[in-house]
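Chemist: whatever this is, show me its structure:
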Amino acid sequence: MAPGNLKKVLVLNAGSSSLKFKLFARSEDLNLSLESRGVAERIGDLKSALSFCDASGKQKNISSQLGDHQEALRTIFKELKLSASDLFAVGHRVTHGSDKIYKASRITPEVKKIIADTIPLAPLHNPVNLLGIESAEALLGSEVPQVAVFDTAFHHSIPPEAYLYAVPLKDTAERLSVRKYGYHGSSYAFLLNRAAEYFHKPKEQLNLIICHLGAGASMACIKLGKCVDTTMGMTPLEGLCMSTRSGDIDPGAVLFLVNKLGIRKTDQLLNKQSGLYGLVKVNGNLDGVVFSAGIGEHSSPVRERICEGLEGFGIELSPKRNLSTKEGEISPNRSRVKVLVIPTDEEQQIAMETVSVVTGLGDG
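Modeler: Below you'll find the predicted structure:
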């Protein structure tokens, strides 16, 4: 058992048939360092699997029948030789907090009810996020504090003129909650903090465009440290074209497809059978452009195409830096706007927010 102030933080990200985790150790100065990470896959299947590795990258794979998320979590604890007494807190990634929760929060019956009530807005994610929470509660009881960190929370600062659609205000926007929410919030929060370190200035003074380009792709516009707009909307389908999602499309085209194919096939088509195309729009007094996530971090050709023709806005790429940099600046020294590559770590952000909530340093 670790000393009380050095207990570990476990971050869980539950999927419909998977459970991803990262375990962070807390040092004496309360910084977090990755100790282990992994995923339980095909939960509920006869051929379930658990794979994990330590901070050095040493991998271990286990084939085991995992009947449900609680059994998967119990197996993770067993393999990591982890007990409740080792944990300072557990942080859960939760996709949607509606407009009722806009910060990381200690999990209470009231918070769980809001997550459940928001299922119609995130039917694929909130139910399994709630399942992950309940699995951890069943295993750990009330001994370990648990915190929910919401993907939508970072975008709470978006003003009404940006989050409202041109639909009837009372009957549609308010009564049915049809509005822009935004996603990838933990990634944006992490990247904003890391960018502030690169610029050597408080995040409250930064104006940025952040590009989270992975299988799911989005962008966020940051003004003085606050999100003022983002490309994803009421659902993660809006905005940029992604690896399998269509992104923006004429609503009339959607109605046409529903007419021809039905709702289920149209849903499958737009969410699972579409492609990726990057774009960027720059406006105002910009400090930097940040690329992150799988494509943003690793694809120099995509970064080059996105920045092409933006020299008039003060955005330039150094071909050499763009090809060779894993993390840091990829613009030439003369570029008015810095272009950065920063690897994201949503789980570490969730862990930091979890610690803040439990220690009372956050607003949760």
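Chemist: what's the distance between residue 165 and residue 181?
Modeler: Using C-beta to C-beta, to the nearest Å, residue 165 is found at 11 Å from residue 181. (Each C-beta comes from the backbone N, C-alpha and C, glycine too.)
Chemist: mind listing the helices for the chain?
Modeler: Secondary structure of the chain, counting by DSSP state H: helices at 69-80, 109-117, 126-140, 160-163, 185-199, 251-261, 263-272, 293-298, 300-307, 319-324, 346-359.
Chemist: which residues touch the third one?
Modeler: Going back to what we said before, that points to helix 126-140. For helix 126-140, the external contacting residues (C-beta atoms under 8 Å, 6 or more residues apart in numbering) are 12-16, 19, 68-70, 72-74, 77, 84, 87, 90, 92-96, 107, 112, 115-116, 118-119, 144, 146, 148.
Chemist: same thing with the shortest one?
Modeler: Residues lying outside helix 160-163 but in contact with it, judged by C-beta under 8 Å, 6+ apart, are 155, 179-181, 228-229.
Chemist: please repeat the previous calculation with a cut-off of 10 Å.
Modeler: Residues outside helix 160-163 that contact it (C-beta atoms under 10 Å, 6 or more residues apart in numbering) are 99, 155-157, 169, 173, 179-182, 221, 227-230, 233-234.
Chemist: most neighbours per residue, which of the helices of the chain?
Modeler: The highest mean neighbour count among the helices of the chain, using mean count of other C-beta atoms under 10 Å, belongs to helix 346-359: a mean of 24.
Chemist: just list whatever residues bridge to residue 59.
Modeler: residue 53 (DSSP bridges).
Chemist: separation between it and residue 343?
Modeler: In terms of C-beta to C-beta, residue 59 sits 20 Å off from residue 343.
Chemist: more neighbours: which of these two?
Modeler: Remark: of residue 59 and residue 343, residue 343 carries more neighbours, 16 against 10, as counted by other C-beta atoms under 10 Å.
Chemist: got a pLDDT number for the closest residue in space to the more buried one that isn't next to it in sequence?
Modeler: Distances taken as C-beta to C-beta, 6 or more residues apart in numbering put residue 297 closest to residue 343, at 5.4 Å, once the chain neighbours are dropped. With respect to pLDDT, residue 297 has a value of 87.
Chemist: show me the shaky parts of the stretch 1-150 of the chain.
Modeler: Scanning the stretch 1-150 of the chain for pLDDT under 70 picks out 1-5, 29, 55.
Chemist: do you have the strands of it handy? List them.
Modeler: 8-14, 19-26, 32-41, 49-54, 59-63, 87-94, 105-106, 146-150 (DSSP state E, counting those that start in this stretch).
Chemist: low-confidence ranges, the stretch 251-364 of the chain, go.
Modeler: 274-285, 312-313, 361-364.
Chemist: contacting residues around residue 46?
Modeler: 65-67.
Chemist: looking at the residues you listed, spot the one nearest residue 8.
Modeler: residue 66 (22.3 Å; C-beta to C-beta).
Chemist: nearest residue to that closest one other than its sequence neighbours?
Modeler: Nearest one to residue 66, counting by C-beta to C-beta, 6+ apart, is residue 48 at 3.8 Å.
Chemist: and if you look at residue 16?
Modeler: Going by C-beta to C-beta, 6+ apart, residue 16 has residue 128 as its nearest residue, at 5.1 Å.
Chemist: what do you get for residue 17?
Modeler: Spatial nearest neighbour of residue 17, excluding adjacent residues (C-beta to C-beta, 6+ apart): residue 43 at 4.9 Å.
Chemist: re the thing from before, next up, phi/psi of the residue nearest to residue 66, please.
Modeler: phi -70, psi 160 (degrees, to the nearest 10).
Chemist: distance of it relative to residue 134?
Modeler: As judged by C-beta to C-beta, residue 48 and residue 134 stand 19 Å apart.
Chemist: if I pick the most far-flung residue of the chain relative to its centre, what's in contact with it?
Modeler: Centroid-distance maximum for the chain: residue 260 at 34.2 Å, with C-alpha atoms, centre = their mean. Residue 260 sits next to residue 266 when contact means C-beta under 10 Å, 6+ apart.
Chemist: I figured residue 22 was touching residue 354, is that so?
Modeler: No. Using C-beta atoms under 10 Å, residue 22 is not in contact with residue 354; the gap is 11.4 Å.
Chemist: overlap in contacts of the two?
Modeler: 9-11, 32, 91.
Chemist: now tabulate those in a markdown table and tack on distance to residue 350.
Modeler: Output for the shared contacts of residue 22 and residue 354, formatted as a markdown table (distance: C-beta to C-beta, whole Å):
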| residue | distance to residue 350 |
| --- | --- |
| 9 | 9 |
| 10 | 10 |
| 11 | 5 |
| 32 | 10 |
| 91 | 4 |
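Chemist: which of the residues you listed are buried, as a PyMOL select command?
Modeler: In PyMOL, this line selects whichever of the shared contacts of residue 22 and residue 354 come out buried by 16 or more other C-beta atoms under 10 Å:
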select buried, resi 9+10+11+32+91
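Chemist: which one of the shared contacts of residue 22 and residue 354 is nearest to residue 211?
Modeler: residue 11 (23.7 Å).
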